[in-house]
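In: Structure here, sequence nowhere to be found:
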């Protein structure tokens, strides 16, 4: 079973920030939080990951709460091409990836 | 960055025939590759873990004699769906990680859409 809980769907206006929440209340101390996304009929794409600290890269920012029981993926300026299913996954390094149901993000013009 | 190539991107086959899907790591060596299956409007389901030079490890409920996995080199893993039936129609996706980059997760192929008629 997936160790995370995500809302099934979200909408966002183009150009606005998209904030995708994820609950992982049973996360262990050595488990990382990973985010992937899957655009329709394609393989998943790695976005970002983190352990404790907030992380930022060219695609997104990851905000992890101090107790590590939840996190938020932020797409600062969503575009239509960001419409996809976003998966939040917790895992130990080198462990297999187990996907939950994810959040279907729709970016509207 | 790391690239995983999957071939074919789509295939249609008749019931009872076998289909082979290839997964290649193009610019890195991958000791471990993973195979997933995804039905319409559902999430990815892990089928098996493919280790170079050894037998694959299958997830519970996945028939190893039906889904044959071979990982003969550090850059190639194959999945053969034997005696395919319409219920095997699905989107099959592989993934791999470069040695030493496991902390960055895995790179996925673009998937193979299998239709069994």
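Out: Noted; the coordinates are in hand. Computed from a prediction, not measured in an experiment: that's the story for all the values here.
In: At the contact with chain B, which residues of chain A appear?
Out: Contacts of chain A with chain B, taken as CB under 8 Å from any CB of the partner chain, map to A:32, A:34, A:36, A:38, A:41-46, A:49, A:87, A:93-94, A:96-102. To be clear about C-beta, it is placed using only N, CA and C from the backbone, and glycine gets the same treatment.
In: Buried subset of those residues as a PyMOL selection?
Out: Of those, the buried ones can be selected in PyMOL as follows, counting by 16 or more other CB atoms under 10 Å in any protein chain shown:
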select buried, chain A and resi 32+34+36+38+43+44+46+49+87+97+98+99+100+102
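In: Sort out for me which of the residues of chain A next to chain B are in strands.
Out: Among the residues of chain A next to chain B, the members falling in strands (DSSP state E) are A:32, A:34, A:36, A:38, A:45, A:46, A:49, A:87.
In: Would you format those residues as TSV with pLDDT and distance to residue B:86 included?
Out: What follows is those, written out as TSV (pLDDT from 0 to 100; distance: CB to CB, whole Å):
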residue	pLDDT	distance to residue B:86
A:32	92	39
A:34	93	34
A:36	96	29
A:38	97	24
A:45	94	30
A:46	91	33
A:49	92	38
A:87	97	28
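In: could you redo those as TSV and give each row distance to residue B:8?
Out: TSV is the format used below for these (distance: CB to CB, whole Å):
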residue	distance to residue B:8
A:32	34
A:34	29
A:36	23
A:38	20
A:45	21
A:46	24
A:49	31
A:87	25
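In: so which two of those are the farthest from each other?
Out: A:32 and A:38 (19.2 Å; CB to CB).
In: Now stretch A:80-96: buried residues?
Out: For stretch A:80-96, using 16+ other CB under 10 Å, the buried residues are A:82, A:83, A:84, A:85, A:86, A:87, A:88, A:89, A:90, A:91.
In: same deal with stretch A:18-27?
Out: A:18, A:20, A:22, A:23, A:24, A:27.
In: The fifth one contacts residue A:89, doesn't it?
Out: Same thing as residue A:24. No - at 9.0 Å, residue A:24 does not count as touching residue A:89 under the criterion of CB atoms under 8 Å.
In: Now the common contact residues for these two.
Out: Counting by CB atoms under 8 Å, 6 or more residues apart in numbering or on different chains, the shared contacts of residue A:24 and residue A:89 are A:3, A:4, A:33.
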